[in-house]
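Peer 1: coords below, sequence missing:
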């Protein structure tokens, strides 16, 4: 799976077999998108299971920590062409637990709660 430069408002669908590096790639893509928008609340990720949500959040948290500390050269290479804003990264560490990373049913529930009509 190759990682590429995201364009503003680009939508991405990642579909691959188990063990192919989806979570790794998604975490990098998610961080790149947040760096571009400068707001973690503007980047949505939807997956199938609660375990996948937790794993993605954990991986994003770990990668952001490595980027802040500049402690993983392989990871830093993935962001060589990115404008890495340390303030955005630090905010990601604070906000990752509230990031819009949901299961499909969790995302649907968010929509229903936000746009429900009182009956």
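Peer 2: Yes, it's here. Keep in mind that this is a model prediction, so the values were computed, not measured.
Peer 1: longest single helix anywhere in this protein?
Peer 2: helix 50-69 (DSSP state H).
Peer 1: List the buried residues of the helix or strand that comes right after that helix.
Peer 2: Per DSSP states H and E, the first helix or strand lying C-terminal to helix 50-69 is helix 73-78. Neighbour-count burial for helix 73-78, with 16 or more other Cβ atoms under 10 Å as criterion, is recorded at 75, 78. Placement of C-beta: from N, CA and C, glycine included.
Peer 1: With stretch 96-106 instead?
Peer 2: For stretch 96-106, by 16+ other Cβ under 10 Å, it's 96, 99, 101-103.
Peer 1: quick one: which of those residues is nearest residue 18?
Peer 2: residue 103 (17.5 Å; Cβ to Cβ).
Peer 1: from memory the closest one sits against residue 50, does it?
Peer 2: Yes. When contacts are counted by Cβ atoms under 8 Å, residue 103 is listed as touching residue 50 (6.0 Å).
Peer 1: Need the three-state assignment for the most centrally placed residue in the chain.
Peer 2: Taking Cα atoms, centre = their mean, the centroid of the chain lies closest to residue 30, which sits 2.9 Å from it. Under DSSP: H, G, I helix; E, B strand; the rest coil, the three-state class of residue 30 is helix.
Peer 1: Surely it touches residue 44?
Peer 2: No. At 9.6 Å, residue 30 and residue 44 do not qualify as touching, with contact defined as Cβ under 8 Å.
Peer 1: All good on my end, thank you.
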